[in-house]
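> One predicted model, sequence on top.
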Amino acid sequence: MSTPETPKLPVTPPPVQTPVTVAQKQSVQASAPMPPPVPLSTVPADATKKEACLSQDKELDVLIRARYPIIYIESWEEERIENVLREIARFREKDFYVWTITEGVVKADEGARPVGRSNKTTDPLTALDTVLGHVRPAIYMFKDFHPFIEENRNNLAVIRRMRDVAEYFRDSYKTIVIVSPTTRIARELQKDVTVMQYALPTKDELGKLLDRIVDEVKNNPKIKINLTPEGRDRLLTAAGGLTLKEAENVFAKTLVQKGQLSGSDVSLVFSEKQQIIRKNGLLEYYQTQEKIDNVAGLANLKLWLSKRTAAQTEKAAKYGLPAPRGVLLLGVQGCGKSLCAKAISSMWEQPLLRFDLGRLFSGLVGSSEENVRSAISVAESVAPAILWVDEIDKAVAGAGGSGNNDGGTSARVFGTLLTWLAEKTAPVFVIATANNISNLPPELMRKGRFDEIFFVDLPTQPERIETLRIHLAKRGRDPKNFDLDTIARLGEGFSGAELEEVVVAALFEAFSAKQHLATQHMVRVISETVPLSRTMHEGLTRLREWAVGRARPASAVVEEHRSGDGIGREGNG
């Protein structure tokens, strides 16, 4: 393919030199005048077919038809957008070109490729001169062009020429579409460039990809396809947040690794999302096997969660149910708040991301706010997912008056988080845990940030028995061999974490005495342990008083009673 000719400029310019763009424009128009503009409201005869083909890309099509000169799309999916632009060009009867710094300007629908870097249009300025010289209506896709139009003194010539292109293209049927994974635009171009957010593939698009892959391998005797409608929905829901290429890779990996494809293969989809999270570094991916059955008690919280499990399906969305927003868990340390976050991940079959707000703060002014936006962006990109903000009370402590000690960074970070919690539309379920309510600002607990606020108190007698049973079974002991009722009664005021430690300490006692673990070992450990609820009795009392009427109890309805130490609590059913 020969290199397109650049427009010829006048050999002898007039005394008063007009801008180069005007000369180019006059030269092109003289040789091949543009046809009269077609009204934008004109609808082609095959409009129905076109609208069906461009269902997910109407906005891009409209911008091109409206003769927006330069469109900037922030996306990693070059191949997907290239296919869309090629279809738009075909329907609108326009030529389609692709520019890269390695190949220059290439007419994509011909499939020709120049050899090496001999094509002079690899130079950004030459490439822009070339597209100015083209006469026919065309769409130009510029890949990774952002380094040449960002704020930089070395880019002044390219930025100026881009402004010339924008001026000329407004009166033509040509459009430049810049596709880049990041948005970098010089201030001079901000009025000439239209930025467009290109959404990740929808569930329907992922479904078409999955159907194509299944159709390709269905006749292979070594591969089993076992996708029920429910299993297919689970697999596509788990793949939400992946690009088409990432989804194709993970489906292919499943077929190669397991020789099958079914709704139970969501764990492999999570592994692909784990790679995305690791590359960012601001979020921590939690690989958890905890089940909701490993959480003792908390009947109200479990019931609330089970009702929202069904809301994760396509059927619920068609019914009109929105995706659950999140839950704030307040309460006593060691009573299962963090365990609940891990169990919900397994219960809903969604990846669990731990959001450490302390990691966001750094010494560079403005970087903390950018970090929180980046972390939020990553969480949304792998949605549906569960975002676990552990001990949020410590992270936002003093945000209201942080201007005196950190220049207001904490307040700005907290404000960014609050805005996102209130306005987020991505299916990211937020689980925030807190121990000290005195550090929580009132705006965090306002309705709209979270669906519900639960108060997690010390376990009741039945919950203590259940906790002991779970931890004994985890360590290979039969709970039936122990007097759990007596142990639980003596462990009144112990948190779930402290009861687990009772089991572990008793195992050490029995092992050192070369005996089998028995009830007396656990009773001895309890008698020698002072629970935190006694040490921090005043703080626990204030916490309970605050929770009355402000938070929903996570356990069944309870009645407080006064025992010798004043911290007793028993359930009434």
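Perfect, thanks for sending it. Residues are numbered from 1 along each chain as shown.
> in its sheet, what does whichever strand or helix holds I176 sit against?
Secondary structure assigned from DSSP states H and E places I176 in strand 174-180. Paired strands of strand 174-180, with direction, are strand 70-74 (parallel), strand 138-143 (parallel) (DSSP bridges).
> show me what contacts the nearest residue to R187 once chain neighbours are set aside?
Of all residues beyond its chain neighbours, the one nearest R187 is E151 (6.6 Å), with distances taken as CB to CB, 6 or more residues apart in numbering. Backbone N, C-alpha and C define where each C-beta goes, glycine included. The contact partners of E151, taken as CB atoms under 8 Å, 6 or more residues apart in numbering, are 184, 186-187.
> what about E151, which SS state?
coil (DSSP: H, G, I helix; E, B strand; the rest coil).
> that older thread, which one of the contacts of E151 sits closest to E248?
R184 (28.6 Å; CB to CB).
> still on that earlier bit, how much space between the residue nearest to R187 and I185?
As judged by CB to CB, to the nearest Å, E151 and I185 stand 8 Å apart.
> same check, this time on I223
For I223, the distance to I185 - CB to CB - is 47 Å.
> So for those two, which residue has more residues nearby?
Taking other CB atoms under 10 Å, I223 and I185 do not tie; I185 has more neighbours (20 against 16).
> So for the more buried one, what's the nearest residue that isn't a sequence neighbour?
Per CB to CB, 6+ apart, closest to I185 is V193, 5.6 Å.
> can I assume the one you found is in contact with I70?
Yes: between V193 and I70 there is a contact at 4.8 Å, judged by CB atoms under 8 Å.
> Residue ranges of each domain in this structure, please.
With domains defined by automatic domain parsing, the chain comprises 24-33+48-197, 203-280, 292-456, 461-571.
> Nearest to Y286, out of those domains?
Proximity to Y286 (CB to CB) singles out domain 292-456 among the domains of the chain, at 4.2 Å.
> Run the chain-centre distance for the closest one.
Averaging C-alpha positions (CA atoms, centre = their mean, to the nearest Å) puts domain 292-456 13 Å from its chain's average.
> For that domain, what does the pLDDT average out to?
Averaged across domain 292-456, the pLDDT comes to 78.
> Same question for stretch 464-484.
Taken as a whole, stretch 464-484 has a mean pLDDT of 93.
> how about that stretch: buried residues?
464-472, 477, 482, 484 (16 or more other CB atoms under 10 Å).
> can you check stretch 352-359 too?
Buried residues in stretch 352-359 (16+ other CB under 10 Å): 352-355, 357, 359.
> Among the contacts of E151, name the buried ones.
Of the contacts of E151, these count as buried by 16+ other CB under 10 Å: A186.
> out of the contacts of E151, who's nearest G331?
Nearest to G331 among those: R184, at 45.5 Å, using CB to CB.
> And for that closest one, nearest residue in space, chain neighbours not counted?
E150 is the one closest to R184 (CB to CB, 6+ apart), at 3.7 Å.
> what about that neighbour, how many neighbours?
Considering only other CB under 10 Å, E150 is surrounded by 16 other residues.
> That one against I185, yeah?
Yes: the pair E150 and I185 passes the contact test of CB under 8 Å, sitting 7.0 Å apart.
> ok but W99 is inside a strand, no?
Yes: counting by three-state DSSP, W99 falls inside a strand.
> which residues does it bridge with?
Beta-bridge pairing for W99 (DSSP bridges): V105, F142.
> Correct me if wrong: it contacts D144.
No: contact criterion CB under 8 Å: W99 and D144 do not qualify, at 9.5 Å.
> and these two? which has more neighbours close in?
Shown here are W99 and D144; by other CB under 10 Å, W99 has more neighbours (25 against 16).
> Contact partners for that one?
Residues near W99 by CB under 8 Å, 6+ apart: 105-106, 121, 127, 140-143, 145.
> Give me the phi and psi for the closest residue in space to F251 that isn't next to it in sequence.
Spatial nearest neighbour of F251, chain neighbours left out: I213 (5.3 Å); criterion: CB to CB, 6+ apart. With angles defined as degrees, to the nearest 10, I213 sits at phi -70, psi -40.
> Report the contact partners of R308.
So R308 contacts 324, 451 (CB under 8 Å, 6+ apart).
> My reading is that it is in a helix; is that accurate?
Yes: R308 forms part of a helix when assessed by three-state DSSP.
> Could you tell me how far it is located from K291?
R308 is 17 Å from K291, by CB to CB.
> likewise I159?
In terms of CB to CB, I159 sits 57 Å off from K291.
> Buried residues, the host helix or strand of A488. List them.
Per DSSP H and E: A488 is located in helix 484-490. Residues of helix 484-490 classed as buried: 484, 487-488, 490 (neighbour count, 16+ other CB under 10 Å).
> Return the residues in contact with the closest residue to Q289 other than its chain neighbours.
Excluding the flanking residues, the one nearest Q289 by CB to CB, 6+ apart is S346, at 6.8 Å. Contact analysis of S346 by CB under 8 Å, 6+ apart lists 288-292.
> before we move on, what about A252?
Shown in contact with A252 (CB under 8 Å, 6+ apart): I213.
> How about P351?
P351 makes contact with 270, 273-274, 277, 285, 345, 382, 385-386, according to CB under 8 Å, 6+ apart.
> how about it, phi and psi?
Torsion angles, degrees, to the nearest 10, at P351: phi -70, psi 140.
> How about the one 3 residues further on?
The phi and psi torsions at R354 (degrees, to the nearest 10) take the values phi -90, psi 120.
> Please report how far it lies from I392.
12 Å.
> S374 now?
S374 is 19 Å from I392, where distance means CB to CB.
> which of these two has more neighbours?
Shown here are S374 and I392; by other CB under 10 Å, I392 has more neighbours (25 against 16).
> does the more buried one really touch T433, like I thought?
Yes: assessed by CB under 8 Å, I392 is found in contact with T433 at 6.8 Å.
> Now do the shared contacts for these two.
L328.
> hey, where'd the strands end up in the stretch 351-500 of the chain?
In the stretch 351-500 of the chain, the strands defined using DSSP state E, counting those that start in this stretch lie at 352-355, 385-389, 428-434, 452-456.
> pLDDT weak spots in the stretch 101-250 of the chain?
Scanning the stretch 101-250 of the chain for pLDDT under 70 picks out 109-118.
> would you list every one of the strands in the stretch 151-300 of the chain?
Remark: strands assigned in the stretch 151-300 of the chain by DSSP E, counting those that start in this stretch are 174-180, 193-197, 224-226, 260-262, 283-286.
> What helices and strands are in contact with the last one?
What it means is strand 283-286. If contacts are counted by 3 or more CB pairs under 8 Å, 6 or more residues apart in numbering; DSSP states H and E, strand 283-286 sits against helix 266-280, strand 352-355, helix 367-381.
> In contact with V502: list those residues for me.
When contacts are counted by CB under 8 Å, 6+ apart, V502 touches 468, 487, 491, 494, 522, 525-526, 529.
> same question, V158
By CB under 8 Å, 6+ apart, the neighbours of V158 are 124-125, 128, 148-149.
> Helix, strand or coil: sort out P322 for me.
Quick answer, by three-state DSSP: P322 is coil.
> Against V214, how distant is the nearest residue to it once chain neighbours are set aside?
Computed as CB to CB, 6+ apart, the closest residue to P322 that is not its neighbour in sequence is A311, at 7.9 Å. According to CB to CB, A311 and V214 sit 27 Å apart.
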